[in-house]
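Visitor: Got a sequence here, can you model it:
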Amino acid sequence: MKIAVIGVGAMGSVYAGLLADAGNEVWAIDVWREHIDAIRDHGLRVEGKSGDRTVKIAATMDAQEAGHCDLVIIATKAMHVDAAAVAAKPIIGNNTTVLTIQNGIGSFEKVAAKLGKEKITIGVAGGFGASITAPGHVHHNGMELIRLGEMAGPVTTRLDKVAEVWSDAGFNVKTYDDIQRMVWEKLICNVCFSGVCTVSESQIKEVLGDHDLWQIAKGCATEAYQVARAKDIKVSFEDPISYVKAFGEKMPNARPSMLLDHMEGRATEIDVINGAIVREGADTQVTTPFNSVITALVIAKETRLGLR
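Guide: Residues are numbered from 1 along each chain as shown. I've put the predicted structure just below:
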């Protein structure tokens with residue numbers, strides 16, 4: 001399959017490297033020149049839970065170079081999906097499937113507005129703990145699950161084909177008829193750890209092991225679960241604390257991508273993670289004091305850095 005990955009940060013690089021290693025024709029597309037140059041010149045090294053390999057793949061800053069693709073994966077941060085969708089237009093043909101994978105909520109609606117709902121499938125990645133070690137080199141602590149769903153309805157033949165490509169590349173894949181369940185099960189985990197790890201500049205194991213931080217993280221997760229229940233989203237668990245704790249224990253040494261962004265002086269996805277719970281809580285009349293404070297603290301950090 002011919003695949004373009006738009007946005008080869010930490011997660012996008014893992015996708016591109018493993019999909020290429022499985023024999024697909026993969027194009028890595030990004031605006032980060034040093035990373036693209038390193039991939040083009042030396043290959044993309046992916047190491048961690050999946051092993052250690054360096055893969056030669058096509059890399060470019062200009063999506064048009066790739067030509068029409070069978071699958072276009074938009075793997076940018078949530079704040080960059082509009083630009084990524086525009087960049088994707090020249091490489092989308094009549095039979096192209098678009099798969100958009102972001103943290104938080106609200107991104108796939110933006111992509112659909114640009115490219116058409118009928119083209120869009122949705123992915124949710126969980127338990128990778130990926131980070132860029134250097135240009136052309138990515139590391140990941142785990143690779144728990146890739147969840148896939150259709151935006152416009154239940155699982156289809158084309159989604160099954162996409163799932164098979166990911167599975168053949170070594171990913172653990174599950175398809176969902178209910179995309180809201182799929183998105184919110186991951187969101188609750190992100191809400192638990194992302195903001196708290198960022199404010200305290202901690203690894204997941206440090207939050208789990210610190211009584212006070214864990215109380216705050218549990219409060220964030222509980223509020224997210226209560227909002228999901230208020231929205232009649234049928235997640236697969238009734239005990240959110242056991243669920244998020246098990247999630248965190250699978251990659252204790254990981255730093256959430258929100259913390260990594262903060263450490264690198266970049267804007268974070270707080271608005272679509274903890275901030276989303278505050279907005280959705282207001283809409284559903286669920287109080288969200290833990291998420292409100294965490295969101296405000298991260299925004300204050302970004303404001304101090306001149307990112308807002």
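Visitor: use CA for all of it now, contacts and neighbours both
Guide: Noted.
Visitor: What's the separation between the residue nearest to Gln180 when sequence neighbours are not counted and Lys250?
Guide: Of all residues not flanking Gln180 in the chain, Ile233 sits nearest, at 6.5 Å (Cα to Cα, 6 or more residues apart in numbering). From Ile233 across to Lys250, the span is 25 Å (Cα to Cα, to the nearest Å).
Visitor: ranges for the strands of the chain?
Guide: For the chain, the strands defined by DSSP state E cover 2-6, 25-29, 44-48, 51-55, 58-60, 69-74, 92-101, 120-126, 130-134, 137-140, 145-150, 173-176.
Visitor: got TSV for those, with mean neighbour count too?
Guide: What follows is those, written out as TSV (neighbours: other Cα atoms under 10 Å):
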stretch	mean neighbour count
strand 2-6	24
strand 25-29	26
strand 44-48	23
strand 51-55	15
strand 58-60	23
strand 69-74	24
strand 92-101	20
strand 120-126	23
strand 130-134	19
strand 137-140	24
strand 145-150	22
strand 173-176	18
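Visitor: I'd like those laid out as JSON lines, including distance to Leu19.
Guide: As requested, the strands of the chain are exported to JSON lines (distance: least, Cα to Cα, whole Å):
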{"stretch": "strand 2-6", "distance to Leu19": "8"}
{"stretch": "strand 25-29", "distance to Leu19": "7"}
{"stretch": "strand 44-48", "distance to Leu19": "11"}
{"stretch": "strand 51-55", "distance to Leu19": "10"}
{"stretch": "strand 58-60", "distance to Leu19": "12"}
{"stretch": "strand 69-74", "distance to Leu19": "11"}
{"stretch": "strand 92-101", "distance to Leu19": "14"}
{"stretch": "strand 120-126", "distance to Leu19": "15"}
{"stretch": "strand 130-134", "distance to Leu19": "16"}
{"stretch": "strand 137-140", "distance to Leu19": "14"}
{"stretch": "strand 145-150", "distance to Leu19": "13"}
{"stretch": "strand 173-176", "distance to Leu19": "13"}
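Visitor: Looking at the ones you listed, which is nearest to Gln226?
Guide: Smallest distance to Gln226 across those (Cα to Cα): 20.6 Å, for strand 120-126.
Visitor: Given that closest one, what are its sheet partners and their directions?
Guide: Using DSSP bridges, strand 120-126 pairs in its sheet with strand 92-101 (parallel), strand 145-150 (antiparallel).
Visitor: In TSV, list those along with mean pLDDT and distance to Lys205.
Guide: Formatted as TSV, these follow (pLDDT from 0 to 100; distance: least, Cα to Cα, whole Å):
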stretch	mean pLDDT	distance to Lys205
strand 92-101	97	25
strand 145-150	95	20
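Visitor: Save those as TSV, and put in distance to Leu208 too.
Guide: Conversion of the strands paired with strand 120-126 to TSV gives the following (distance: least, Cα to Cα, whole Å):
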stretch	distance to Leu208
strand 92-101	27
strand 145-150	21
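Visitor: of those strands, which approaches Cys192 most closely?
Guide: Closest to Cys192 of these is strand 145-150 (Cα to Cα; 17.8 Å).
Visitor: can you give me how far the closest one is from the chain middle?
Guide: The chain centroid and the centroid of strand 145-150 are separated by 11 Å under Cα atoms, centre = their mean, to the nearest Å.
Visitor: any residues touching it, and which ones?
Guide: Outside strand 145-150, the residues that touch it by Cα atoms under 8 Å, 6 or more residues apart in numbering are 120-127, 155-156, 159, 163, 171-179, 182.
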